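Asker: output the structure for:
(2 chains)
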Amino acid sequence: MTDAPRTHCELAIVGGGPAGLAAAALAAELGVETILFDEQPTPGGQIYRNIEANSRKHDALSNILGADYAKGLALVERFRRSGAAYEPLSAVWQVSAAGKLGVSQKGRAYLTRAGRVILATGAMERPVPIPGWTLPGVMGAGAAQTLMKASGLVPEEPTVIAGSGPLAYLVALQVMKAGAPLSAVIDTSQKGLFETGFAALPVLSGFGRDLLKGLSWMAALRKARIPVFSGCNLAVEGISRVEAVSFETRGKRQRLSASLLLLHEGVVPNNQITASLRCRHVWDTAQMAWRPWTDEWGATSTELVAVAGDGAGISGARAAAHRGRLAALDAACRIGRISRAERDERALPERRHLQREARFRAFLDSTYRPTEAVRRLADEAIACRCEEVTAGELRAFVAEGFTDINQLKSFSRCGMGQCQGRMCGGTVARVLAQSLETDIETVGYYRLRLPVKPLPVAQLAELGNAERDLRPSPMGVDGDPSQRV
Amino acid sequence: MTATDAIVIGGGIHGCCTALHLALRGLRTIVLEKNTVGRHASGVNAGGVRQLMRHQAEVPLSIAAMDAWERLDDLLGPDLARNCEFIGSVGQIGIAESEAEMEWCHARVTQMRSLGHEFEEVIDARELRRLVPAAADICRGGIISRRDGHANPFRTTQSFRLRAEQLGVRFMERTRVTGLEQGDRCWTVVTESGVFRADILINCGGAWAWQVAEMVGEHLPRTHFASTLMVTSRMPHFIDPVVIGIDRVLSFKQTEAGTVVIGGGVLGDPDLNSETADTVADRMVVSAQTVCEFFPILRRATIVRSWAGLEALMPDVIPVIGPSQVARNLWHAFGFSGHGFQLGPIVGSVIADLVATGESAIPIAAFNPGRFSSNDMLGSTCIPDRKVSQEAGHE
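Answerer: Got it, this is the predicted structure:
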């Protein structure tokens, strides 16, 4: 790397999915000096991963990934034209309340300062902590889709998909089309699309296409004679790797052999950065997940920081782009590029789209609640997979009188592993809240601090060489001493 | 309203240990803790059990503490003692990288011997490499205290609490003290969850202890700080002793889990009111540089978390242990300035002695709360300088 990293910018955007791309493009168009940081090598996020390369190919893969995926190209093209700076392959391991970003890029870490930050860190698959879920051969359906998008990898072994929500069906269809030996789908949502779909018709007028799309996925599976079960109380069987999955269907226990089991119970906001900033968070009961509190522009309770897209609450890729633009308008207004009136005027069409999306989201949220096994873990189910802590162990600590989520962490090491609590934070809070018969907001979340992404010691050691101006005073303390207690 | 003999304010390691020792002497005791037991410095320090390079004034206390660590079974019973995860006699080593630092080690050991203390010795490069094969060539030797080791701070604090509970101590968590009044017969302690009364009051309030003192009109230094720790993902086992720097910002140990805890006194940003502290990346650089220089194997490690516990800091970097200057039946034990964990098992017994007999068998005159009366740092702000925070961060 020859270019020295930029030491500051007006607006930093973290994440290159639809929210981040739309925000960066609009902000740059409005004259805001913008840098977009993204972990991936190319723009698109999870949903439009590798979209530029894949859409050039016009091959079987793009056919499999479908028309919705192709729509991401317009977002990427507008971003590319906008003049926003783009830093791919960049992990943001810190965002401070003062707008200081810690970035790790190509084996090197540096700090940069932003006047405002828009977090567009999107969603992650909800962990599905059923018994046996950590066995090799079990993975998220979304992760399997990522492998297809990024490297064209298709499952070769007998595959079962179990889960709730559109993505479970979409991935089923995609792996089937790609030639994977899909042996069954287990639908863990307790209501079918038909019943709720038709009951919800009045709210859903205008979403016929989306509903039809969902129905067409099911029809395609039926046509291919892929059995679709309605199941609950799943458990993974196997000694050193997955051998089968068992579940209850129509009151009976059933067992299906599988070498690959793809699980999916929806997605949840990736809120590590807002949690580390101690932004105010709210527990979204409909989506069963934490999300940072935001105002109508995506601004959080931390002065310089906004969140856009699924990271502020799941609303899908189409809504994410609109939410990204709202955050960009607000940033441009705060920075002084546009007036308040212009901001409000330009926001109107984005808000109209969002209202429309919100109706469909409410339908999805109520239809695809996570399965009971996720909502109430079995004692033997592993809650924290990094440190292999079961729900039963956590409950034992609670029974001894330890009622604080950070006490559970200190005792059991849950949340201390490589994933930094990303995977188990919500699960452990849920187990604790249920044991105490209280709500999750009372229980709270892990205390998180930097780095929000693992950071090599050597990179931190060399950080000092890049950024003299950001180093602390020799006293080691910033600020006015008289202001300190 | 509750009647009782003694109230301990603060559920850190010293509060728990004090309650335990008061209960051993038959006093009905309550601990009032504003958060949860071990929430701040006691639960989140690096767990060093160190006599090495201690302040002279602390040495007698530290030696007595080490005896207590080695006999935790007697105090806690075997199960709770095991729960502390104390590993002794792996040694703590101050690493010297220059001739000047080696000379300092020799001078220190000579001085300690003249005072009758034999627990420190100088080691040469060869002995250092025998004990710590991963040390880089720039490490020339150092100073060692072979009896030292480490323990799990959170579990240790909980073990003291559980033992105290077995002896009848009541712990009131999430119970913040908002007012103190001394009547003719007893103390009245007003909290958010009710009023408590007792003859005897012990202030083990850590970073907030000065606020407790001010409730009775006693002014003590208000300084607090947060010492940064970072921890790596698991690595293959490569080191037994705890190593610290002499003039360098360094302190690390490998835990049973294989993670490496790196400290050394880098300052975090404390916030007394929100009762938390942030860590600051730019300041942590110097720690990372030093561990990489001294232990190149750590270059490959990955930092997964960092944190900083809130702790009181005295201008002279030694604690306040002794009777209040303004009120009867009030004793203070706080201000351990970042290295109070090793003293955990002993301070409570000193306080219990003071309460029962007015005297301590271990010399504690240097910790007298009155020593700040004519000090211009009293009640004002004092910013820890590099050297202080380095000393403060060794545990």
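
Asker: from now on I want contacts and neighbour counts done on CA atoms only, so please keep to that.
Answerer: OK.

Asker: and the closest residue to A:K106 other than its chain neighbours, how many neighbours?
Answerer: By the measure of CA to CA, 6 or more residues apart in numbering or on different chains, the closest residue to A:K106 outside its immediate chain neighbours is A:L89, 7.0 Å from it. If you count neighbours by other CA atoms under 10 Å in any protein chain shown, A:L89 ends up with 17.

Asker: for B:R54, same thing?
Answerer: For B:R54, which is what you asked about, the neighbour count (other CA under 10 Å) is 14.

Asker: A helix includes it, no?
Answerer: No - going by DSSP: H, G, I helix; E, B strand; the rest coil, the assignment for B:R54 is coil, not a helix.

Asker: list the contacts for it?
Answerer: Going by CA atoms under 8 Å, 6 or more residues apart in numbering or on different chains, B:R54 touches no other residue.

Asker: equivalent analysis for A:F411, please.
Answerer: A:F411 neighbours (CA under 8 Å, 6+ apart): B:F154, B:R155.

Asker: next one: the one 4 residues further on
Answerer: For A:G415, the residues meeting the contact criterion (CA under 8 Å, 6+ apart) are A:C384, A:C386, A:E387, A:K409, A:G421, A:R422, A:M423, A:C424, A:G425, A:Y446.

Asker: now a PyMOL select for only the buried ones of the residues you listed.
Answerer: Paste this into PyMOL to select the buried members of the contacts of A:G415, with burial taken from 16 or more other CA atoms under 10 Å in any protein chain shown:
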select buried, chain A and resi 384+386+387+409+421+422+423+424+425+446
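
Asker: which member of the contacts of A:G415 is positioned nearest B:P319?
Answerer: Sorting these by how near they are to B:P319, with CA to CA, puts A:K409 at the top with 29.7 Å.

Asker: and for that closest one, nearest residue in space, chain neighbours not counted?
Answerer: Nearest residue to A:K409 in three dimensions, chain neighbours excluded: A:G415, at 6.2 Å (CA to CA, 6+ apart).

Asker: cool, A:T427 as well?
Answerer: Here the nearest residue to A:T427 in space, its sequence neighbours aside, is A:A383; by CA to CA, 6+ apart that works out to 6.3 Å.

Asker: is it true that that neighbour lies in a strand?
Answerer: Yes - assessed with three-state DSSP, A:A383 lies in a strand.

Asker: what's the local residue count around it?
Answerer: 34.

Asker: surely it meets A:V428?
Answerer: Yes - under the criterion of CA atoms under 8 Å, A:A383 makes contact with A:V428 at 6.5 Å.

Asker: show me which residues of chain B sit near chain A.
Answerer: By CA under 8 Å from any CA of the partner chain, the residues of chain B that approach chain A are B:36, B:154-155, B:222-224, B:233, B:266-267, B:269, B:272, B:278-279, B:281-290, B:292, B:298-307, B:381-386.

Asker: now the residue sitting nearest the centre point of chain B: how far from chain A?
Answerer: In chain B, the C-alpha nearest the mean C-alpha coordinate belongs to B:G340, at 1.9 Å (CA atoms, centre = their mean). B:G340 sits 20 Å away from chain A when distances are taken as CA to the nearest CA, to the nearest Å.

Asker: also B:V261?
Answerer: 12 Å.

Asker: quick revisit: wait, the residue nearest to A:K106 sits on A:P41?
Answerer: Yes - using CA under 8 Å, A:L89 is in contact with A:P41, at 5.2 Å.

Asker: thanks again, I'm all set now.
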